[in-house]
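> based on what follows, work out the 3D shape:
(chains A and B, ligands or ions: 1)
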Amino acid sequence: MDLTFSAEQEAFRAEARAWLAAHVPADPLPSLDTAAGFEAHRAWERTMFEDRWSVVSWPTEYGGRDLGIFEWLVFEEEYYRARAPKRVSQNGIFLLAPTMLEYGTEAQKARYLPPMASGEEIWCQGWSEPDAGSDLAGIRSRAARNAGGDGWVLNGQKTWASRGAFAEWCFGIFRTDPEAERHRGLTYFLVAMDSPGVTVRPIPQIDGETGFAEIFFDNVEVPEDQVLGEVGAGWSVAMATAGSERGLSLRSPARYTEAADRLLQLFHQRGGPAASADAVAQAHMDAEAYQLHTYWTASRVARGHAVGVEASCNKIFWSETDVAIHGAALDLLGPDAELLEAGAPGEWLDGYLFSLAGPIYAGTNEIQRNVVAERLLGLPRG
Amino acid sequence: MDFAFTDEQDALRQGVRTVLDTECSVDALRAFELADEDGRAELARNRWAVLAELGAPALVVPEAANGLGLGDVDLVGVLEEAGRACLPEPLLETAALAAPTLAALLPDRAAAAALAALVEDDVSFAVGGVDVTVDGVVSPTAVSADGTLRTPRVVGARDAAIALLACRDADSGWQLHAVPADSCTVYPTPALSSSRDLSTVHWPLDSETLLAYGVAAEAAVSLLADRAAAGSAALLVGLADRMLAMTATYAKERHQFGKAIGSFQAVKHQLANARVALEFARPATYRAAWSLATAQPTLSHDASMAKAMASDAADLAARVGLQVHGAIGYTWECDLHFFLKRTWALSRAWGDAATHRRLVLAQVRRGAKGTRTAMSDSRQ
Ligand SMILES: Cc1cc2nc3c(=O)[nH]c(=O)nc-3n(C[C@H](O)[C@H](O)[C@H](O)COP(=O)(O)OP(=O)(O)OC[C@H]3O[C@@H](n4cnc5c(N)ncnc54)[C@H](O)[C@@H]3O)c2cc1C
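Next comes the predicted model:
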């Protein structure tokens, strides 16, 4: 057991830190859920990509550095420490990419991964539908063979697609075999958002910005090579993506340790009642426990083990920790908490609103508790 | 970075588990509680001998003192197994508290003699006289009119060959003593977890038994408190794991309304919450062991964090365990009660979760932050 990083990893940390110090924009970018902010964040992705910082763990041929999981974690620690911009390409690089590296053809990887890494093509996730949220296997959007037999025709409606208002591409699951058992008749598609028949209706989120969108598909033609994985295997391909979403890649621990450190500073500045001291201490411990748990899991992965169902514990823990950290900050801010100012109070308020979505997206925490109970503790379904 | 146990460490833990599965089964725990004092002492002696054969009590005694020369990372899995089994004997006190404390004092004569007894005669040690509070480490040892010292809640004194006892007075500060059993008068104290060996010990202040005093004793005692926090966290992690396993099994077997109660979501979600708490207390506990083994500057922070998280996780597993068992869990007949009571005792011993949360905060304010981002700051 060794909980220190190697000299090479520390050298890599120093390199990342220096690069970020020189390049992270001094003023925060406008919100990525606005048209101007989206483009500003895209430009930032491009800047990172040019110096090979956007996807350090990817193979070099697609724009990465071929680094291991610990280097990725180190990079993330530095990224959050530098308070660098939110990743507008996160659905692509953190969710779709691991799935594509596993299930994609060589041609698909070569076609989609480099522009994903550079921010030239930003992806959104089209899974949820108005009548299929937690019960994802109940989706009704469908794909049928086209007349020529060389592609597919999509029809239906997706909703809550983050960044759907501005994204170039969408990865989604569609029903290709209405006769098959619910989980079996699904297929994973890659769809260009400018295809004829795609209509996007932005939806303002709780903060008023258009963070997600409804997407309507009206006889949208999609060629055969935009199927990811096997036809009919969409569910298992989607579950690989969901594993990334809940497990290691979507929410790196640095995000929480950085927020917990800021919470500590806020507490030092403002003070607060005993209950706040407890909440601050607990937030710090939970963020650090999540970091340790990630190192633990990553060490298993580095030794060739699979991540395992324990990942479902992760999603519950990081999302609850996020709410607790930001809730504690608002408590410390007291009457200032409602102020939408640039800088400290407004930032905590934004963070709090966003944290409250965590227990809902990526599979609600109730659904994760079912998974933990059934698959880790072996309790009966139903 | 390699946050994992070696194959040898896993094998050692597995060996201890296999032995405790029989030597410390729930039937054995029941027999132990029902036995009279002589019978109890014999059962304890026999079980200790088996543990000694595995080398568990002297695991961290240095090779120079004829021990196995292993470290806290080797020990943490063994402690977790002792927690899982609800082991009555003072393995934490002997292996994780007294042995390394004595080893650090070598070549002191009294320390060397005590360690020799541990290695050669398979004795056990008692530990007492140190309490953890939000204001730091204090001693509950009191001086009576005739000069005798009285230490309450000493663990393991009934069968120990030597008691490691601390006292403190305002003028001369801390003293740490290795007091032989024949100098101690032991008054067993009835306690919630009847298989936990608690006593009030009366002992004479004698320069012959003195191991350390003043700043040296203070340092030894505060390190002992960190060891106790980290070690009891490991016991609690084992207890939580066991209670969860027992409760999940029960939830699959017990039927109401025509189905297993474990299929009701209200039951599932309680158990899932306890499972999540355990999942994250575990790495915190293993990290504390590593910080002990490698004398990290963040040790006090890391030990307190482990104890806070493990206490909360085990308390939750106990609460959920009892609730999901229903009335049967409220009986002496159901095995669960052994583990509940040990949890309720240990979650508060050596500082409860609230105390350690405050200690964590104090450490962080002092700048001994444990987060990676913070550690990087301190390197600049
Ligand atoms: C900010 C945000 C971003 C999102 N981004 C995307 C995106 O990019 N792409 C995408 O496809 N989707 C996205 N989603 C949608 C998200 O995946 C769904 O909201 C989620 O799956 C839950 O579905 P639902 O909202 O329909 O809630 P429902 O499924 O209707 O659930 C409502 C409530 O009932 C509970 N519930 C439902 N079933 C059970 C059960 N079996 N047991 C116990 N409780 C149950 C839920 O836990 C929840 O509390 C996003 C959501 C948010 C909030």
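> tally of neighbours for the residue nearest to A:His293 when sequence neighbours are not counted?
Of all residues not flanking A:His293 in the chain, B:Pro283 sits nearest, at 4.8 Å (Cβ to Cβ, 6 or more residues apart in numbering or on different chains). C-betas here are computed from N, CA, C, even on glycine. By other Cβ atoms under 10 Å in any protein chain shown, 23 other residues sit near B:Pro283.
> mind checking which helix or strand B:Pro283 is in?
helix B:265-293 (DSSP states H and E).
> elements contacting that helix?
Applying 3 or more Cβ pairs under 8 Å, 6 or more residues apart in numbering or on different chains; DSSP states H and E, one finds that helix B:265-293 makes contact with helix A:274-302, helix A:311-333, helix A:365-371, helix B:72-85, helix B:214-253, helix B:299-325.
> the fifth one vs helix B:72-85, what angle?
Translated: helix B:214-253. With axes from the mean of the first three to the mean of the last three Cα atoms, to 10 degrees applied, the angle from helix B:214-253 to helix B:72-85 works out at 50 degrees.
> ok, the first one next?
Regarding helix A:274-302 and helix B:72-85, their directions subtend 110 degrees when assessed with the same axes, to 10 degrees.
> list the buried residues in helix A:274-302.
Within helix A:274-302, the residues that qualify as buried are A:276-301, counting by 16 or more other Cβ atoms under 10 Å in any protein chain shown.
> and it with helix B:299-325, angle?
Going by the same axes, to 10 degrees, helix A:274-302 makes 90 degrees with helix B:299-325.
> helix A:274-302 - what's its average pLDDT?
Helix A:274-302 carries an average pLDDT of 94.
> how near is the closest residue to the ligand within chain A to chain B?
Proximity of chain A to the ligand (Cβ to the nearest ligand atom) peaks at A:Gly133, 1.8 Å away. Distance of A:Gly133 to chain B, given as Cβ to the nearest Cβ, to the nearest Å: 17 Å.
> which parts of chain A sit against the ligand?
With Cβ under 6 Å from any ligand atom as the criterion, chain A meets the ligand at residues A:124-128, A:133-134, A:160-162, A:212, A:357, A:360-361, A:364, A:366-367, A:370.
> try it again at 8 Å.
A:91, A:124-128, A:132-136, A:158-164, A:172, A:205, A:211-212, A:354, A:357, A:360-367, A:369-370 (Cβ under 8 Å from any ligand atom).
> these in helices, which ones?
Per DSSP state H, helices hold the following members of the residues of chain A next to the ligand: A:354, A:357, A:365-367, A:369-370.
> in the stretch 51-200 of chain B, which residue sits nearest chain A?
The stretch 51-200 of chain B approaches chain A most closely through B:Val73 (5.0 Å), counting by Cβ to the nearest Cβ.
> that residue: what's it in contact with?
A:1, B:5, B:9, B:286, B:289-290, B:293 (Cβ atoms under 8 Å, 6 or more residues apart in numbering or on different chains).
> at 7 Å what do you get?
Residues near B:Val73 by Cβ atoms under 7 Å, 6 or more residues apart in numbering or on different chains: A:1, B:9, B:289-290, B:293.
> contact residues of chain B facing the ligand?
Counting by Cβ under 8 Å from any ligand atom, the residues of chain B near the ligand are B:Gln265.
> give me the residue at the spatial middle of chain B.
The centroid of chain B falls nearest to B:Ser232 when counting by Cα atoms, centre = their mean (3.3 Å).
> that one contacts B:Ser304, correct?
No - the criterion here is Cβ atoms under 7 Å, and B:Ser232 misses it with B:Ser304 at 11.5 Å.
> A:Leu53 belongs to a strand?
No Leu there; residue A:53 is Trp. No - using DSSP: H, G, I helix; E, B strand; the rest coil, the assignment for A:Trp53 is coil, not a strand.
> that one: neighbouring residues, count only.
22.
> now do A:Gln265
Neighbours around A:Gln265, by other Cβ under 10 Å: 10.
> kindly report the same for the one 4 residues further on.
Using other Cβ under 10 Å, the number of residues around A:Gln269 comes to 9.
> what's the helix or strand for it?
Assigned by DSSP H and E, A:Gln269 falls in helix A:254-270.
> quick one: mean pLDDT for that helix?
Mean pLDDT, computed over helix A:254-270, is 95.
> quick one, that helix and helix A:274-302 angle?
Using the same axes, to 10 degrees: helix A:254-270 against helix A:274-302 is 160 degrees.
> got any ranges where chain B has weak pLDDT?
For chain B, applying pLDDT under 70 flags the ranges B:368-380.
> up against chain A, what does it have?
Counting by Cβ under 7 Å from any Cβ of the partner chain, the residues of chain B close to chain A are B:1-5, B:73, B:248, B:251-252, B:260, B:262-263, B:265, B:268-269, B:271-272, B:275-276, B:279-280, B:283-284, B:287, B:290, B:305, B:308-309, B:354, B:357-358, B:360-361, B:364, B:370-374, B:376.
> among those residues, which ones are buried?
B:1-5, B:73, B:248, B:251-252, B:260, B:262-263, B:268-269, B:271-272, B:275-276, B:279-280, B:283-284, B:287, B:290, B:305, B:308-309, B:354, B:357-358, B:360-361, B:364, B:370-374, B:376.
> now chain B against the ligand: closest residue?
Counting by Cβ to the nearest ligand atom, chain B gets nearest the ligand through B:Gln265, at 5.9 Å.
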